[in-house]
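> need coordinates for the below:
(3 chains)
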Amino acid sequence: MGRGTCEGKTPISPMPSIRITVPTPSHQALVPVTDKIAQAVGLLGIEEGAVHLFVLHTTCGLLINENADPDVARDILRRLEEMVPWRDPKDRHGEGNTAAHVRSSLVGSSLTIPVQGGSLVLGTWQGVFLAEFDGPRTRQVVVTAV
Amino acid sequence: MGRGTCEGKTPISPMPSIRITVPTPSHQALVPVTDKIAQAVGLLGIEEGAVHLFVLHTTCGLLINENADPDVARDILRRLEEMVPWRDPKDRHGEGNTAAHVRSSLVGSSLTIPVQGGSLVLGTWQGVFLAEFDGPRTRQVVVTAV
Amino acid sequence: MGRGTCEGKTPISPMPSIRITVPTPSHQALVPVTDKIAQAVGLLGIEEGAVHLFVLHTTCGLLINENADPDVARDILRRLEEMVPWRDPKDRHGEGNTAAHVRSSLVGSSLTIPVQGGSLVLGTWQGVFLAEFDGPRTRQVVVTAV
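As a prediction, this is how the structure comes out:
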């Protein structure tokens, strides 16, 4: 939390949450957002505790995975395509993007990440990604101190 | 958080969490619970921060997806059935509901949703659902201010 | 939260988070960690609120599922193997463990669990597991009061 102690050492943040905008480049993409989230943690004044991320959409998600070899991101998207094929003649949803809705619920719409000393706590190989499943679009992420 | 500031403007909530009951109508269902969660946020007195939802069961889950076209919920359940078929002769669990346990861990047992001005922060098309994978049953959700 | 009330009844925790180490026994395993997490909740002095768990790795995850019949854990791992096979000739990631990365993002890298009266709030059949998808290894989990 790092907010609202009685001694006033950690002043109450003027903003409990902020929104960041993430343009996505293609129909499917894992867009790296670690730097944007780290910046938001600074703006929110979070020192110790955790930060919560939440996408305001139902055809994308948020996930943490390897940020070193970009082939990992490509493999993840291709494996999801194999598990949840884009076309399925049994789908009833008129927009034709049922697969994106399913993938969104499989990877999840939100993440919570620890913060220590004002910085995100991530393992050596971990990066934060917005997982676009029906782009390109402009996505919004709500970042909240928890 | 909205709890425990020094000036006393936001009094410490008498309840840090409450439980809500969700009856599910059939073997598989995405049961809309957005209204119940919004009501719980009011009862808990959360103004700014986030709310955490947690099901006390291992054969259902919680997810956020489209609340406009009910075909999306139907498609999601049918796609999960294709990915994780109910019957698999290799399953060893004696109760025969392994698929429900697997689907529970894929969609997840909990959610955290931002709160601003006492209201859930959700995108235009987002609704909160309890995902029943082995009903009908009466499910319990723990709602906690975080 | 249980931290930082004005009356001083609940003193500010000296540690906002701690790390626990989880050795995993085999290539795939659901390792029970409920007792370790409960102990960490005590060390952190969390009384009411929630605890957040976060693995610092991209080839394992955290999940909640049945802790009674060990066949459930075995079935879950085997079903994940069927959904996300270890070998896929289309994978490009050179380390050959793409499947572990995918399974990690499907089950998720983190969990948040309610705490009441200093104890984890879990349903009768729920246990917390570290899901190892590319072991054996020694894994680290960050445990944070939220």
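
> CA atoms of the host helix or strand of residue A:100 as PDB?
Using DSSP states H and E, residue A:100 sits in helix A:98-107. Extracted in PDB, the C-alpha atoms of helix A:98-107 (Å, rounded to 0.1, in the frame of the first residue of the first chain):
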ATOM      1  CA  THR A  98     -15.700 -15.900 -30.300                       C
ATOM      2  CA  ALA A  99     -12.100 -17.200 -30.200                       C
ATOM      3  CA  ALA A 100     -10.800 -13.900 -29.000                       C
ATOM      4  CA  HIS A 101     -13.400 -13.900 -26.100                       C
ATOM      5  CA  VAL A 102     -12.300 -17.400 -25.100                       C
ATOM      6  CA  ARG A 103      -8.600 -16.600 -25.200                       C
ATOM      7  CA  SER A 104      -9.300 -13.500 -23.100                       C
ATOM      8  CA  SER A 105     -10.900 -15.600 -20.400                       C
ATOM      9  CA  LEU A 106      -8.100 -18.200 -20.500                       C
ATOM     10  CA  VAL A 107      -5.300 -15.700 -20.000                       C
END
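
> parallel or antiparallel, list what pairs with the following helix or strand past that helix.
Following helix A:98-107 in sequence order, the next helix or strand is strand A:110-116 (DSSP H and E). Note on strand A:110-116: by DSSP bridges, its sheet partners are strand A:49-55 (antiparallel), strand A:119-120 (antiparallel).

> deepest of those strands, which one?
For those, the largest average neighbour count (mean count of other C-beta atoms under 10 Å in any protein chain shown) is found in strand A:49-55, namely a mean of 25. Where you see a C-beta, it was placed from the backbone N, CA and C, and this is true even at glycine.

> so in that sheet, which strands flank the next helix or strand after it, and in what orientation?
On the C-terminal side of strand A:49-55, the closest following helix or strand by DSSP H and E is strand A:60-66. Strand A:60-66 has the following sheet partners, assigned by DSSP bridges: strand A:126-132 (antiparallel).

> residue A:138 contacts residue A:20, doesn't it?
No. Look at residue A:138 against residue A:20 with C-beta atoms under 8 Å: they stay out of range, at 11.1 Å.

> element containing residue A:42, please.
Counting by DSSP H and E, residue A:42 is found in helix A:34-44.

> counting by contacts, list what that helix packs against.
Helices and strands touching helix A:34-44, as assessed by 3 or more C-beta pairs under 8 Å, 6 or more residues apart in numbering or on different chains; DSSP states H and E, comprise strand A:17-23, strand A:49-55, strand A:119-120, strand A:126-132, strand A:138-145.

> which one of the ones you listed lies closest to residue C:74?
Among the helices and strands packed on helix A:34-44, the nearest to residue C:74 by C-beta to C-beta is strand A:126-132 (28.2 Å).

> ok, and what's touching the closest one?
With C-beta atoms under 8 Å, 6 or more residues apart in numbering or on different chains as the test, strand A:126-132 has contacts from A:22, A:24, A:26-34, A:37, A:53, A:55, A:60-67, A:73, A:77, A:103-104, A:107, A:111, A:113, A:120, A:122, A:139, A:141, C:56-58, C:109.

> ok, residue A:34 to residue A:80 distance?
As judged by C-beta to C-beta, to the nearest Å, residue A:34 and residue A:80 stand 21 Å apart.

> so which of those two has more stuff around it?
Between residue A:34 and residue A:80, counting by other C-beta atoms under 10 Å in any protein chain shown, residue A:80 is the more crowded of the two (22 against 16).

> next, count neighbours for the closest residue in space to residue A:105 that isn't next to it in sequence.
Nearest non-adjacent residue to residue A:105, counting by C-beta to C-beta, 6 or more residues apart in numbering or on different chains: residue B:63, 4.5 Å away. For residue B:63, the neighbour count with other C-beta under 10 Å is 22.

> pull the longest helix from chain A.
If you go by DSSP state H, chain A has its longest helix at helix A:70-83.

> quick one on the thing from earlier: of residue A:138 and residue A:20, who's got more company?
Using other C-beta under 10 Å, the more surrounded residue of residue A:138 and residue A:20 is residue A:20, with 17 against 10.

> relative to chain C, how far out is the more buried one?
20 Å (C-beta to the nearest C-beta, to the nearest Å).

> now do the contacts for that residue.
By C-beta under 8 Å, 6+ apart, the contact list for residue A:20 reads A:33, A:36, A:37, A:40, A:140, A:141, A:143.

> ignoring the adjacent residues along the chain, who's closest to the fifth one?
So the one you mean is residue A:140. Take residue A:140 and drop its neighbours on the chain: the residue closest to it by C-beta to C-beta, 6+ apart is residue A:56, 4.9 Å away.

> so the one you found sits right up against residue A:142, yeah?
Yes. Under the criterion of C-beta under 8 Å, residue A:56 makes contact with residue A:142 at 6.6 Å.

> list residues touching both of those two?
residue B:121.

> so which of the two has more stuff around it?
Shown here are residue A:56 and residue A:142; by other C-beta under 10 Å, residue A:142 has more neighbours (22 against 19).

> how near is the more buried one to residue C:100?
Separation of residue A:142 from residue C:100 (C-beta to C-beta) stands at 30 Å.

> please apply the same query to residue A:82.
The spacing between residue A:82 and residue C:100, counted by C-beta to C-beta, is 16 Å.

> go on, residue A:102?
When distance is defined by C-beta to C-beta, residue A:102 is 22 Å away from residue C:100.

> quick one: which of those two has more around it?
Using other C-beta under 10 Å as the criterion, residue A:102 and residue C:100 rank with residue A:102 on top: 27 against 24.

> contacts only, for that one.
A:84, B:75, B:76, B:79, B:80.

> what residues sit buried inside stretch A:30-49?
Within stretch A:30-49, the residues that qualify as buried are A:30-34, A:36-38, A:40-41, A:44-49, counting by 16 or more other C-beta atoms under 10 Å in any protein chain shown.
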